[in-house]
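Participant: Starting from these lines, generate the structure:
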Amino acid sequence: MDKAPTMFNSDPVVRVKEATIFQGQQPVLSNISFDIDKGDFVFLVGRTGSGKSSLLKTLYADLPLRLGDISVAGFSIRGITNRQIPMLRRKVGVIFQDFQLFTDRTVSENLHFVLRATGWKDSVKMKSRIVDVLMQVGLGAVEKKMPHQLSGGEQQRVVIARAMLNEPHILIADEPTGNLDPEVSMGILKLFQQINRSGTAILMATHSYGLIRKFPHRILKCEDGRILDSNKELIELKSEDDF
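Facilitator: This next block holds a predicted model:
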């Protein structure tokens, strides 16, 4: 039986070493290297087509890694087996722009499905965990509601709760505020900061200059097939045009 690897406290949550990221058959990022440590909050930016989404999909093993080495939450992504991918995704919470909730199930049923799919069996513990994560994201009374009965911001909070069910080492968010108005987006960013302060690393792709300006954190920028890292060099973002 496969076992999840053990992570030591000093190990980065994400380690990318001389990796090339592909979009179809075309390399979009070449020979990139960076680490993300426990508790880091990192914005991922870059123009459309620069490789942001392909990089994120490679990190959670939705796209194969062909060149270089990447480890995420202790799992080696290159050569990861189909049996290991579900275990990786227990350690990695993924948040999408378009929510991807089951529209024919209640909020509780959406979260229950994920727990069952990731190996939970005790119904009492599952119910308790669902209540816990919904409270954590500020949604105390939506368990029995259908997704269409919620606002966009509330649906995104449910998605964040879903990503937190298995206490992941890192949340990977691909444009999580892209469909939300500015005020709701600010609330989502404040929630991410709260989660981050508890020790969960955050990697968030965004096109929102306003959010980065208001919540300054480390920036990784996809540009001309490379990754620029604000921990190592100056990255100036003057307007939305830089995205």
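Participant: How about the contacts made by R129?
Facilitator: With contact set as C-beta atoms under 8 Å, 6 or more residues apart in numbering, R129 has these partners: 115, 120, 165. C-beta coordinates here come from the backbone N, C-alpha and C atoms, glycine included.
Participant: Helices of this protein, start to end?
Facilitator: 52-59, 85-91, 107-117, 123-136, 152-164, 182-197, 209-214 (DSSP state H).
Participant: worst average pLDDT in the ones you listed?
Facilitator: Taking the mean pLDDT of each of the helices of the chain, the lowest value is held by helix 209-214, a mean of 87.
Participant: And it, how far out from the chain middle?
Facilitator: 19 Å (C-alpha atoms, centre = their mean, to the nearest Å).
Participant: Start at 15, not 1
Facilitator: Will do, 15 is the new start, and the previous item becomes helix 223-228.
Participant: how about the CA coordinates for it, as CSV?
Facilitator: Listed next in CSV are the C-alpha coordinates belonging to helix 223-228 (Å, rounded to 0.1, in the frame of the first residue of the first chain):
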residue,chain,number,x,y,z
TYR,A,223,-2.7,44.8,-9.6
GLY,A,224,-5.0,46.3,-6.9
LEU,A,225,-4.8,43.3,-4.7
ILE,A,226,-1.1,43.0,-4.9
ARG,A,227,-0.7,46.7,-4.2
LYS,A,228,-3.0,46.4,-1.1
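Participant: And the residue nearest the centre of the chain, what's its pLDDT?
Facilitator: The residue lying closest to the centre of the chain (C-alpha atoms, centre = their mean) is I186, at 1.1 Å. We have a pLDDT of 96 for I186.
Participant: For V151, see how far away the closest residue to G166 other than its chain neighbours is.
Facilitator: Closest residue in space to G166, ignoring its immediate chain neighbours: L194 at 5.4 Å, by C-beta to C-beta, 6 or more residues apart in numbering. Going from L194 to V151 by C-beta to C-beta, to the nearest Å gives 14 Å.
Participant: follow-up on the earlier one: isn't the residue nearest to the centre of the chain up against L73?
Facilitator: Yes: the pair I186 / L73 is scored as a contact, 6.1 Å apart, by C-beta atoms under 8 Å.
Participant: Find the residues that touch each one of those two.
Facilitator: Common contacts of I186 and L73 (C-beta under 8 Å, 6+ apart): 106, 217.
Participant: hang on, isn't L194 packed against Q169?
Facilitator: No: counting by C-beta under 8 Å, L194 stays clear of Q169, with 9.5 Å between them.
Participant: Pretty sure S68 is one of the things L77 touches, is it not?
Facilitator: Yes: using C-beta under 8 Å, L77 is in contact with S68, at 6.2 Å.
Participant: and these two? which has more neighbours close in?
Facilitator: S68 (21 against 18; other C-beta atoms under 10 Å).
Participant: Skip the chain neighbours and tell me the closest residue to that one.
Facilitator: Q37 is the one closest to S68 (C-beta to C-beta, 6+ apart), at 4.7 Å.
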